[in-house]
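[1] Provide a 3D model corresponding to the input given below.
(chains A and B)
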Amino acid sequence: MYAAPFSYYRAASVQEAAKLLQELGEEARVIAGGQSLIPLMKMRMARPTALIDINFIPGLSDVQTPKGELRFGALVRHADLEHSAAGATLPILHDCAAGIADVQVRNLGTIGGSLAEADPSGDWGTALLALDTAVICSGPSGQRTVPLENFITDAYTTVLAHDEIVTEVRVKVPSKNSGGAHLAFKRSAPVYPTASASVQLTLGDQNMCKDARVVLGCVGLKAIRAKEAEGVLRGKPLDEKNIWAAVDAARAAADPQSDMRGSADYKRVLVGALVHRAIEIAARRARGESMEAGHEYAGR
Amino acid sequence: MSMPDARKILVRVHVNGDAREAEVEPRTLLVEFLREHLNLTGTHVGCDTTYCGACTVLLNGRTVKSCTLFAPMADGGEITTVEGLAKGGKLHPIQEAFAECHGLQCGYCTPGLLLSTLQLLKKYPKPSEPQIRKGIAGNTCRCTGYQNIFRSIRMAAAEMEKR
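    From the prediction side, this is the model:
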């Protein structure tokens, strides 16, 4: 399949890329890993007249770890994080990075690109919402910091101005007694999940849940913070009764659509099951237990 | 809307150690670049939708689906295709293992699986069963049911460790 014809520009710096976006107008797009954009272009669902390739810009592939933070440059691939020390320190990030599609796609796809694409089924928009995440958007007149909560506004829609580029994603490292998990169910490895759930819990003494984030993926036009579910858990003991109440609240917060991946009813049940499991894994990790989690699919 | 300027651009790569180049339209996919412009038809086009992995090649040491990469994005890169596995007329141990264990029937998916196996064994010289399954999850085989592919990979790992 051929994409519609386009002109190709290779940016040498972020400034040059932003300038090109300005000059080339609304029909120009930035390309990083291309693992969402290229399939869309081949199906002619996207028809940019110009592509600005940022893959050759130096310095965007770094993972920096200033105190209390992780910073991912725009060209950090899913696989870079999967195999990095940073991924090991925050298991929820490893769950997400190591489970997206397959090895080949993870070798090219980027975290920044995934957020900028804002696919409702994308994993990063869900997992990173369970943490304090900020998106650095750079344009011709400098850069601004947008909390992820405000960055994605709708399906495939962000607050990025046409001449802005995501240049960095910053994640605040949660406190020591905090643990998280990102779980997803997909029909096979290379496809988008049918549903996903990210949970980050901060535990206190005597099994008290001090803070909770519960995020649902693939069951709305963007990732959904299940704030009622969080409220059910926060400030109470993390016992079976409260966990099930949170699962019920999460199911109620889901707004799935029936499609080839499953009916809306099925997805609502599925996302509840994922939330339940994610809470248990997040709690065990918060207590210092090391355990594997991530994407489930047939043949795994 | 004005017509985009889709002039051909020069793409230079090293494929299996050889410097190769061609002038192509920017929308040329890497797999078409290899097959149609460099006449390296060992890399197959399967689903053409980023699913099946028949088009898998190594780009700068990492597997990629060459149907999901525009050729100019690979400019300056080192590419390994199935044609680069055998050396001096002798099959690569991975190829020998796939032949020995019947890790293929029709062979369409095999070029991609060989390269995914190469990357897997570079990372995990003695892969566990889950590591093997995860390592080739991006490669679809419609013939074998995968059991003989798992055997081939285990055999290749054992053989490569001896050398």
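
[2] Spell out which residues of the stretch 101-250 of chain A are next to chain B.
    Proximity of the stretch 101-250 of chain A to chain B is confined to A:101-105, A:107-108, A:188-191 under the rule CB under 8 Å from any CB of the partner chain. For the C-beta atoms, the positions are set from N, CA and C on the backbone; glycine is no exception.

[3] Of the residues you listed, which is the most crowded?
    Greatest neighbour count in those, by other CB atoms under 10 Å in any protein chain shown, goes to residue A:104: 31 neighbours.

[4] who's in contact with it?
    B:53, B:56, B:63-65, B:116, B:138 (CB atoms under 8 Å, 6 or more residues apart in numbering or on different chains).

[5] for the helix or strand that contains it, the distance to its chain's centre please.
    Element membership for residue A:104, per DSSP states H and E: helix A:103-108. Its chain's C-alpha centre and that of helix A:103-108 lie 16 Å apart, by CA atoms, centre = their mean, to the nearest Å.

[6] Now do the next helix-or-strand element following it: distance to the chain's middle.
    As assigned by DSSP H and E, the chain's next helix or strand after helix A:103-108 is helix A:111-117. Chain-centre distance of helix A:111-117: 8 Å, with CA atoms, centre = their mean.

[7] Show the subsequent helix or strand relative to helix A:111-117.
    Per DSSP H and E, the helix or strand that comes after helix A:111-117 is helix A:124-127.

[8] Using CSV, write out every CA atom in the next helix or strand after that following helix.
    Downstream of helix A:124-127, the first helix or strand assigned by DSSP H and E is strand A:133-139. Extracted C-alpha coordinates of strand A:133-139, given in CSV (Å, rounded to 0.1, in the frame of the first residue of the first chain):
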residue,chain,number,x,y,z
THR,A,133,3.3,13.5,34.2
ALA,A,134,4.1,16.7,32.3
VAL,A,135,4.6,17.1,28.5
ILE,A,136,7.1,19.6,27.3
CYS,A,137,5.8,21.2,24.1
SER,A,138,8.4,23.2,22.1
GLY,A,139,7.6,25.8,19.4
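
[9] now for strand A:133-139, which elements pack on it?
    In this structure, strand A:133-139 makes packing contacts with helix A:14-24, strand A:142-147, helix A:148-151, strand A:165-172, judged by 3 or more CB pairs under 8 Å, 6 or more residues apart in numbering or on different chains; DSSP states H and E.

[10] Just say which of the ones you listed is most tucked in.
    Of all the helices and strands packed on strand A:133-139, strand A:165-172 has the most neighbours on average by mean count of other CB atoms under 10 Å in any protein chain shown, namely a mean of 22.

[11] so that strand versus strand A:142-147, what angle?
    Angle of strand A:165-172 versus strand A:142-147, following axes from the mean of the first three to the mean of the last three CA atoms, to 10 degrees, is 40 degrees.
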